[in-house]
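Engineer: Next input, structure requested:
(one chain, ligands or ions: 2)
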Amino acid sequence: MAGEHRLLLDNAQQLVLVCTKGEKYLLQAGMQDLAVLDNASVVIGTDGCVKAVGHADVIRQQFSEASFEKIIDCSGKCILPGLVDAHTHPVWAGDRVHEFAMKLAGASYMDIHQAGGGIHFTVEHTQKASEEELFNTFKHRLLRMLRTGTTLVECKSGYGLNLETELKMLRVIEQARRLLDSNISSTYCGAHSVPKGKNATEATDDIISNHLPKLKELNLNGEIHVNNIDVFCEKGVFDLNCTRRILQAGKGIGLQINFHGDELHPMKSAELGAELGAQAISHLEEISDEGIAAMASAKCAAVLLPTTAYMLRLKQPQARKMLKEGVIVALGSDFNPNAYCYSMPMVMHLACVNMKMSMKEALAAATINAAYALGRSHMHGSIENGKQGDLIIINSSRWEHLIYQFGGHQELIEYVIVKGKVIYKNEGIMGY
Ligand SMILES: N=CN[C@@H](CCC(=O)O)C(=O)O
Ligand SMILES: [Zn+2]
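Structural biologist: Numbers count the residues shown, from 1 in each chain. Ligands and ions are numbered 1, 2, ... in the order given. Next up, the predicted model:
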């Protein structure tokens, strides 16, 4: 094959494709057969998409007449798809390190929330922050995520609660979508908490009558691109009825339903999500057996968040039961001021140790299935012809090291590539 191409990744020890037949997601059985090639190469075209994958000698022969803007020798290294983080809250001002100390001393997440801290604390600071300040900190966080291998990330609003600040957050997400290399799925989460001075029904009415019509207008005229609608469906926050009303209204303006459910109390959120055709539901530590069955048959992805269960010492979500019963299991970092973790390699490690997933299951959950949870698995989540050329190269001869070396991703990840362009190269310590 002649012609000009953007990138050749030559002769990797292992090339982890994840899947090969255009699967939109992998269920438990498919996760066991994760597609991995030995001594393999990848070609990315000038449009940023994958043009060829295969054994190195075959690719060399096929492309002997071609020219490449860049060639990377991957001998002894592994190539994996860019990681997908299916759940983050990355736009905010004011950290909550003081609350971490309170939780270590025994306070629960809800104790702090009901005393006016938690999300309320972050809302107060985010409302006061300028758009520029929010963008700068958000940018820094996205760059840190990229360095840990995340190339597609879901980003929520939800620390504004009033229309003005929610829109400020969504504009910040939009600016990043336009200016930075990260691929972003944007989520309106105005129902993240009940704002001070309103009850849940009043907040629900405000969202449906004022927030969503404005979002629809801004989405239509292209000022912002919001993809998903989210609600924190929880005892003392938004009950099932308010959640249903908000999600239905969001779906009515064309947003995918992707919400927080069954985290601290059993709420029947999973049953509701399945009924409403939700693309995904996150947390699910308290899901019912009926909820698991309903999500499996509705093909509604379960976005499990191992950092939250770990930091809040919650019971672990039942990953094994969900996998066994045919639920599409995905992973997210839940990066937020409560769970300060950017790293999907660490999330996969926690999923393996605490939720008893295998490394293959964790990788599928952090790639193709996380992309499915965002409705993006036709272009992301695996290395297949026609998909976006988002990849990471690790300096190890076995891909499992990305999960095994807890916290070792900083040294292991040598390149992060988005649309065939190297956007991060780890140069190591000076002089070594
Ligand atoms: N549970 C609700 N929302 C977040 C926490 C947000 C916060 O505490 O600021 C979560 O997914 O864990
Ligand atoms: Zn969350």
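Engineer: Provide a list of residues in contact with the residue in the chain positioned nearest to ligand 1.
Structural biologist: Across the chain, the shortest distance to ligand 1 (C-beta to the nearest ligand atom) belongs to residue 338, at 3.6 Å. All C-beta atoms are positioned from the backbone trio N, CA, C, and that covers glycine. Contact analysis of residue 338 by C-beta atoms under 8 Å, 6 or more residues apart in numbering lists 96, 99, 109, 118, 308, 311-312.
Engineer: make it 7 Å
Structural biologist: Shown in contact with residue 338 (C-beta atoms under 7 Å, 6 or more residues apart in numbering): 96, 109, 118, 311.
Engineer: In CSV, list the residues you listed along with pLDDT and distance to residue 232.
Structural biologist: Written out in CSV, the entries for the contacts of residue 338 read as follows (pLDDT from 0 to 100; distance: C-beta to C-beta, whole Å):
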residue, pLDDT, distance to residue 232
96, 96, 16
109, 94, 12
118, 95, 11
311, 94, 17
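Engineer: which among those residues are in contact with ligand 1?
Structural biologist: With C-beta under 6 Å from any ligand atom as the criterion, these include residue 118 near ligand 1.
Engineer: What parts of the protein come near ligand 1?
Structural biologist: Taking C-beta under 6 Å from any ligand atom as the test, the list of the chain residues beside ligand 1 reads 89, 118-119, 122, 232, 260, 263, 308, 334, 336-339.
Engineer: Of those residues, which belong to helices?
Structural biologist: The helices in this structure, assigned by DSSP state H, contain 119, 122, 308 from the residues of the chain next to ligand 1.
Engineer: Now tell me what touches stretch 190-205 from outside.
Structural biologist: Here stretch 190-205 makes contact (C-beta under 7 Å, 6+ apart) with 119-120, 123, 157-158, 161-162, 166, 206-207, 211, 231-232, 237-239, 242, 245-246.
Engineer: ugh, wrong one, I meant stretch 400-415
Structural biologist: Under C-beta under 7 Å, 6+ apart, the answer for stretch 400-415 is 72, 77, 80, 148-149, 343, 345-346, 348-349, 352, 359, 362, 392-396, 422, 424-426.
Engineer: again, but for stretch 365-376
Structural biologist: Residues outside stretch 365-376 that contact it (C-beta under 7 Å, 6+ apart) are 18-19, 23-26, 81, 83-86, 152, 154, 185, 256, 258, 279-280, 301, 303, 328-332, 344, 347-348, 351, 357, 377, 380-382.
Engineer: Now restrict these to buried residues only.
Structural biologist: A residue is treated as buried here by neighbour count (16 or more other C-beta atoms under 10 Å); on that basis the buried members of the contacts of stretch 365-376 are 18-19, 23, 25-26, 81, 83-86, 152, 154, 185, 256, 258, 279-280, 301, 303, 328-332, 344, 347-348, 351, 357, 377, 380-382.
Engineer: Please identify the residue most distant from the middle of the chain.
Structural biologist: Note on the chain: the largest C-alpha distance from the chain mean falls to residue 65, namely 38.8 Å (C-alpha atoms, centre = their mean).
Engineer: is it true that that residue touches residue 2?
Structural biologist: Yes. Because the distance of 4.0 Å satisfies C-beta atoms under 7 Å, residue 65 is recorded as touching residue 2.
Engineer: one step back: for residue 136, state which of the contacts of residue 338 is nearest.
Structural biologist: Nearest to residue 136, judged by C-beta to C-beta, of the contacts of residue 338 is residue 96 at 19.2 Å.
Engineer: For residue 119, which non-adjacent residue is spatially closest?
Structural biologist: The spatial neighbour of residue 119 that comes closest, neighbours along the chain excluded (C-beta to C-beta, 6 or more residues apart in numbering), is residue 193 at 4.3 Å.
Engineer: How about residue 319?
Structural biologist: residue 355 (4.0 Å).
Engineer: likewise residue 124?
Structural biologist: Computed as C-beta to C-beta, 6+ apart, the closest residue to residue 124 that is not its neighbour in sequence is residue 94, at 7.4 Å.
Engineer: re earlier: name the member of the residues of the chain next to ligand 1 with the most neighbours.
Structural biologist: residue 260 (29 neighbours; other C-beta atoms under 10 Å).
Engineer: List the beta-bridge partners for it.
Structural biologist: With DSSP bridges applied, residue 260 shows beta-bridge pairing to residue 232, residue 282.
Engineer: residue contacts, the residue nearest to residue 399 when sequence neighbours are not counted?
Structural biologist: For residue 399, ignoring the flanking residues on the chain, the nearest one in space by C-beta to C-beta, 6+ apart is residue 78 at 4.4 Å. When contacts are counted by C-beta under 7 Å, 6+ apart, residue 78 touches 12-14, 16, 394, 396-399.
Engineer: ok, what's across the strand from residue 78?
Structural biologist: Beta-bridge partners recorded for residue 78 (DSSP bridges): residue 14, residue 394.
Engineer: For it, give its distance to residue 343.
Structural biologist: As for residue 78, its distance to residue 343 is 18 Å (criterion: C-beta to C-beta, to the nearest Å).
Engineer: And for residue 81?
Structural biologist: Noted for residue 81: a distance of 16 Å to residue 343, by C-beta to C-beta.
Engineer: what does residue 242 give?
Structural biologist: 34 Å.
Engineer: Please identify which two of the contacts of residue 338 are farthest apart in space.
Structural biologist: Pairwise distances among the contacts of residue 338 were taken by C-beta to C-beta; the largest, 12.7 Å, belongs to 118 and 311.
Engineer: that older thread, can you convert the residues of the chain next to ligand 1 into JSON lines and add a column each for distance to residue 220?
Structural biologist: Formatted as JSON lines, the entries for the residues of the chain next to ligand 1 read as follows, by distance: C-beta to C-beta, whole Å:
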{"residue": "89", "distance to residue 220": "26"}
{"residue": "118", "distance to residue 220": "34"}
{"residue": "119", "distance to residue 220": "30"}
{"residue": "122", "distance to residue 220": "30"}
{"residue": "232", "distance to residue 220": "27"}
{"residue": "260", "distance to residue 220": "27"}
{"residue": "263", "distance to residue 220": "33"}
{"residue": "308", "distance to residue 220": "35"}
{"residue": "334", "distance to residue 220": "31"}
{"residue": "336", "distance to residue 220": "30"}
{"residue": "337", "distance to residue 220": "32"}
{"residue": "338", "distance to residue 220": "34"}
{"residue": "339", "distance to residue 220": "34"}
